[in-house]
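In: Would you be able to build a 3D model of this:
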Amino acid sequence: MSDTVVVALDVGGTGMKCALVRPDGVVHHQERHPTLADRGPAAVTENILGVAENLAARARADGLTPVAAGIAVPGVIDEVAGVAVWSANVGFRDLPLRDLAGRRLGLPSAIGHDVRVGALAEARLGAGRGRRHVLFVAIGTGIAGGLVVDGAGYPGAHGAAGEIGHIVVRPGGTPCQCGSRGCLETEASARAIGRRYAELTGQARATAHDVATRAAAGDQLAVQVWQDAVEALADGLLTAQALFDVGVIVLGGGLSEAGDGLLLPVRDAFARRVTFHRAPDIVRAELGDTAGCLGAALLALDSLGSPA
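Out: Prediction:
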């Protein structure tokens, strides 16, 4: 198997992270491309398939054999049917992406939700390796999670498992794009933190990085905004723990770049809320923005030999 690779793509609303990944998780080659979402879903689909085709050709030129393709995309994904049911970021609706990729590449193909495949990679290769029950939580522009048990991801009955960003943690709070109010995503995501600080200071714009930096420097308003987000995040994580009872929660996404500035207060806030629950370890993700590609490759390898 040392001469085989998987074609892996992690498709985001703006860019695609793409790689050739060996079965042991080692990346042979990686590259990045714009998603071209502004050109519409048909153009995005052709872009994905063209990049994947070129990666397969690159593998063969390097003397390697591509054995499968894995594609991670955002939105509601039916992994069993291989269909991108809905994705606001790239405009997909009921797109049979697995079959399209399989026909184009002549390879067994799999598609998965971007955060859930990131969870798969962190559970097997990253911060959750060696643990049976892992919850990966990506905190960036939005918030989503992925549950992995004994190395297998859980997509849910309708391909929508892990949307912990839409747990209501502040009833009647900030309106959310989902139609509810006070969702975790509207209270503790990077976008929410930046927006709240900008509102309170009258600035035109602020980022979560700005808030984290200013909080560390002693800006009391930034400290309060950051702590409010931490408290909301702890509420959401406690609900998740009550449902899933995992051994470790892995925090990833852009906000995790704050390191101990996020981990330490979240651990403290979580510990203050625990009653009968067994508290999980709360750790930072290890794979960074390569998790999506690695997870897409793992998903494709898992699908080999399985019925379509």
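In: what sits against the closest residue to residue 59 other than its chain neighbours?
Out: Take residue 59 and drop its neighbours on the chain: the residue closest to it by C-beta to C-beta, 6 or more residues apart in numbering is residue 66, 4.6 Å away. Glycine gets a C-beta too; all of them are placed from N, C-alpha and C. By C-beta atoms under 8 Å, 6 or more residues apart in numbering, the residues touching residue 66 are 4-7, 20, 55-56, 59-60, 105, 107.
In: Out of these, which sit inside helices?
Out: Taking DSSP state H as the definition of helices, the contacts of residue 66 contribute 55-56, 59-60, 105.
In: for the protein, what spans make up the strands?
Out: Here the chain has its strands, by DSSP state E, at 4-11, 15-21, 27-34, 65-73, 76-78, 83-87, 92-95, 109-113, 133-139, 143-149, 152-153, 248-252, 281-284.
In: The ones you listed: which one's closest to residue 212?
Out: Residue 212 lies closest, by C-beta to C-beta, to one member of those: strand 133-139, at 12.1 Å.
In: what about the helices in the stretch 201-308 of the chain?
Out: Assigned by DSSP state H, counting those that start in this stretch, the stretch 201-308 of the chain shows helices spanning 208-216, 220-244, 260-273, 291-303.
In: between those, which gets nearest to residue 147?
Out: Comparing the helices of the stretch 201-308 of the chain by C-beta to C-beta, helix 220-244 comes nearest, at 5.7 Å.
In: so where's this protein uncertain?
Out: Applying pLDDT under 70 to the chain flags residues 1, 305-308.
In: now the residue nearest the centre of it, nearest residue through space, not along the chain?
Out: Compute the mean C-alpha point of the chain, and by C-alpha atoms, centre = their mean the closest residue is residue 115, 2.5 Å away. Among residues not flanking residue 115 along the chain, residue 144 sits closest, at 4.2 Å (C-beta to C-beta, 6+ apart).
In: and the chain, what are its domains?
Out: As given by automatic domain parsing, the domain ranges for the chain are 4-118+289-303, 130-286.
In: Rebuild these as JSON lines, extending it with distance to residue 124.
Out: JSON lines is the format used below for the domains of the chain (distance: least, C-beta to C-beta, whole Å):
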{"stretch": "domain 4-118+289-303", "distance to residue 124": "6"}
{"stretch": "domain 130-286", "distance to residue 124": "6"}
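In: which of those domains is buried the deepest?
Out: When you average the neighbours per residue for each of the domains of the chain (mean count of other C-beta atoms under 10 Å), domain 4-118+289-303 leads with a mean of 21.
In: Please state the offset of that one from the chain centre?
Out: A distance of 14 Å separates the centroid of the chain from that of domain 4-118+289-303, by C-alpha atoms, centre = their mean, to the nearest Å.
In: And the helices of the stretch 201-308 of the chain: which comes nearest residue 28?
Out: Closest approach to residue 28 among those (C-beta to C-beta): helix 291-303, 10.6 Å.
In: For that closest one, which helices and strands make contact with it?
Out: Contacts defined by 3 or more C-beta pairs under 8 Å, 6 or more residues apart in numbering; DSSP states H and E place helix 291-303 against strand 4-11, strand 15-21, strand 27-34, strand 65-73, strand 109-113, helix 114-125.
In: Of those, which is nearest residue 206?
Out: Nearest to residue 206, of all the helices and strands packed on helix 291-303, is strand 15-21, at 23.4 Å by C-beta to C-beta.
In: Paired strands for the closest one, with orientation please.
Out: Strand 15-21 has the following sheet partners, assigned by DSSP bridges: strand 4-11 (antiparallel), strand 27-34 (antiparallel).
In: can you list the ones in helices among the contacts of residue 66 in TSV and add distance to residue 300?
Out: Shown next, in TSV, are these (distance: C-beta to C-beta, whole Å):
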residue	distance to residue 300
55	12
56	12
59	13
60	17
105	11
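In: out of the residues you listed, which one sits closest to residue 264?
Out: Taking C-beta to C-beta as the measure, residue 55 is the one of those closest to residue 264, at 40.1 Å.
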